[in-house]
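**Q** what shape does this take:
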Amino acid sequence: MADITDTTPAIIAAPASKPTRRIKWGLVGDHAILILGSLFMVVPVFLVFMTASHTPVTVHTEGMQWWLGDQLAENFHAAMFEKGGFTDTVDGMRMLMNSMILGIGFAVGKIIISMFAAYAIVYFRLKFATLAFWIIFTTLLLPLEVRILPSYEVIQGMGLTNTYTGLIVPLIASATGTFFFRQFFRSVPEELVEASRIDGAGPVKFFIDILIPLSRTMIAAIFIIMFVFGWNQYLWPTLITTEEGFFTLVRGIRQIVQTYTDSSIPEHGQAMALAIIAMLPPVLIVIFFQNWFVKGLTESDK
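**A** Now for the predicted structure:
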């Protein structure tokens, strides 16, 4: 039997060329903007932290520092635990407690008042409910700085200066919170309201057993916003408190530079340490509750 050889030339498959990836310049630009924005926020904090580790003489003569010094622990300890001021009775821990009371009281008070106002506007079918809402909403045009003198006159007349009540109560009315809760309550299905009525739930029971559980994410979001806003208050605590026992951290940063030392050079390192401590609670709250914050402001399914 004759050998039959295949004379057909072999076809060798050429390796497939990899598709070239095109650079998405739009995406690169977006990331560049985000990185620059992050640096714009982080670099000042880094500079403050580095400066907090140096002596007052170094900061006073050379300005803000970009490297770590050897006084970090000493400055933080002095800022938090050494008593100072005009009366030598207040330290950083006391001011931290005052700031925490102001921030929490401010946020909780605004949430309670806003929920009650929104509940009345949405569910009580008042004749002038819409007008009342818009009157409340227009108070956004009157920030604290505009009404600070009459507010101070009222608090002084009631004898509430140098009290936590005077610090918190005048600030708890919130058009922003009322607006958010009003929009949230209007999105609650009407069938749920009718079902609660059939089950015999009155206005109070409906509010406590149904609306509050449904509003947990919204409450968390409003709490974060209002806590940060209350924590950073400077003008009102400065006006309403003259006793150092009621000073907050934000005010203490300025006070520690002016009067917390007997030398002619202010304690810049301690002030920077106090500034770092003042940043931590709002940052931690936003980090740990960011999921609730996003859900509260974006969630549409009730």
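**Q** show me the domain layout of the chain.
**A** 28-81, 93-298 (automatic domain parsing).
**Q** would you turn those domains into JSON lines with mean neighbour count and mean pLDDT?
**A** Where you see a C-beta, it was placed from the backbone N, CA and C, and this is true even at glycine. Listed next are the domains of the chain as JSON lines, based on neighbours: other Cβ atoms under 10 Å; pLDDT from 0 to 100:
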{"stretch": "domain 28-81", "mean neighbour count": "14", "mean pLDDT": "83"}
{"stretch": "domain 93-298", "mean neighbour count": "17", "mean pLDDT": "82"}
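**Q** could I get these in JSON lines, plus columns for distance to residue 22?
**A** Shown next, in JSON lines, are those (distance: least, Cβ to Cβ, whole Å):
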{"stretch": "domain 28-81", "distance to residue 22": "11"}
{"stretch": "domain 93-298", "distance to residue 22": "33"}
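**Q** how close does the spatially most central residue of the chain get to residue 283?
**A** By Cα atoms, centre = their mean, the chain has its centre lying nearest to residue 228, at 2.9 Å. Distance of residue 228 to residue 283, given as Cβ to Cβ, to the nearest Å: 9 Å.
**Q** same deal with residue 242?
**A** 30 Å.
**Q** again with residue 191
**A** In terms of Cβ to Cβ, residue 191 sits 42 Å off from residue 283.
**Q** then residue 50?
**A** In terms of Cβ to Cβ, residue 50 sits 18 Å off from residue 283.
**Q** which element, helix or strand, includes the residue nearest to the centre of the chain?
**A** Element membership for residue 228, per DSSP states H and E: helix 216-231.
**Q** tell me the first helix or strand C-terminal of that helix.
**A** Toward the C-terminus from helix 216-231 - assigned by DSSP H and E - lies helix 235-240.
**Q** pull the CA atoms of that following helix into PDB?
**A** Taking C-alpha atoms only, helix 235-240 is exported to PDB below (Å, rounded to 0.1, in the frame of the first residue of the first chain):
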ATOM      1  CA  LEU A 235     -20.200  82.300  68.300                       C
ATOM      2  CA  TRP A 236     -23.100  81.400  70.500                       C
ATOM      3  CA  PRO A 237     -21.100  79.600  73.300                       C
ATOM      4  CA  THR A 238     -18.700  82.600  73.300                       C
ATOM      5  CA  LEU A 239     -21.600  85.000  73.800                       C
ATOM      6  CA  ILE A 240     -23.600  83.000  76.300                       C
END
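**Q** and the biggest helix by length in the chain, what does it pack against?
**A** Counting by DSSP state H, the longest helix found in the chain is helix 92-123. Applying 3 or more Cβ pairs under 8 Å, 6 or more residues apart in numbering; DSSP states H and E, we find helix 92-123 packed against helix 72-81, helix 129-137, helix 164-168, helix 175-186, helix 216-231, helix 249-259, helix 268-288.
**Q** that one to helix 268-288, inter-axis angle?
**A** 30 degrees (axes from the mean of the first three to the mean of the last three Cα atoms, to 10 degrees).
**Q** now helix 92-123, how far from the centre of its chain.
**A** 13 Å (Cα atoms, centre = their mean, to the nearest Å).
**Q** ok, now stretch 43-53?
**A** With Cα atoms, centre = their mean, you get 21 Å for stretch 43-53.
**Q** same check, this time on stretch 41-50
**A** 19 Å.
**Q** same question for stretch 182-189.
**A** 25 Å.
**Q** likewise for stretch 74-84?
**A** Taking mean C-alpha positions (Cα atoms, centre = their mean), stretch 74-84 and its chain are 26 Å apart.
**Q** ok, now stretch 143-162?
**A** Distance, centroid of stretch 143-162 to centroid of chain: 24 Å (Cα atoms, centre = their mean).
**Q** CA atoms of that stretch as PDB?
**A** The C-alpha trace of stretch 143-162 is given here as PDB (Å, rounded to 0.1, in the frame of the first residue of the first chain):
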ATOM      1  CA  PRO A 143     -29.300  82.300  60.700                       C
ATOM      2  CA  LEU A 144     -28.100  82.600  64.200                       C
ATOM      3  CA  GLU A 145     -25.900  85.600  63.400                       C
ATOM      4  CA  VAL A 146     -28.900  87.600  62.400                       C
ATOM      5  CA  ARG A 147     -31.000  86.900  65.500                       C
ATOM      6  CA  ILE A 148     -28.200  86.600  68.000                       C
ATOM      7  CA  LEU A 149     -28.800  89.800  69.800                       C
ATOM      8  CA  PRO A 150     -32.500  89.300  70.500                       C
ATOM      9  CA  SER A 151     -31.800  85.600  71.400                       C
ATOM     10  CA  TYR A 152     -29.100  86.800  73.900                       C
ATOM     11  CA  GLU A 153     -31.500  89.300  75.400                       C
ATOM     12  CA  VAL A 154     -34.200  86.600  76.000                       C
ATOM     13  CA  ILE A 155     -31.700  84.200  77.500                       C
ATOM     14  CA  GLN A 156     -30.200  86.900  79.700                       C
ATOM     15  CA  GLY A 157     -33.600  88.000  80.900                       C
ATOM     16  CA  MET A 158     -34.500  84.400  81.800                       C
ATOM     17  CA  GLY A 159     -31.200  84.000  83.800                       C
ATOM     18  CA  LEU A 160     -30.000  81.200  81.600                       C
ATOM     19  CA  THR A 161     -26.500  82.500  80.800                       C
ATOM     20  CA  ASN A 162     -23.700  80.100  81.900                       C
END
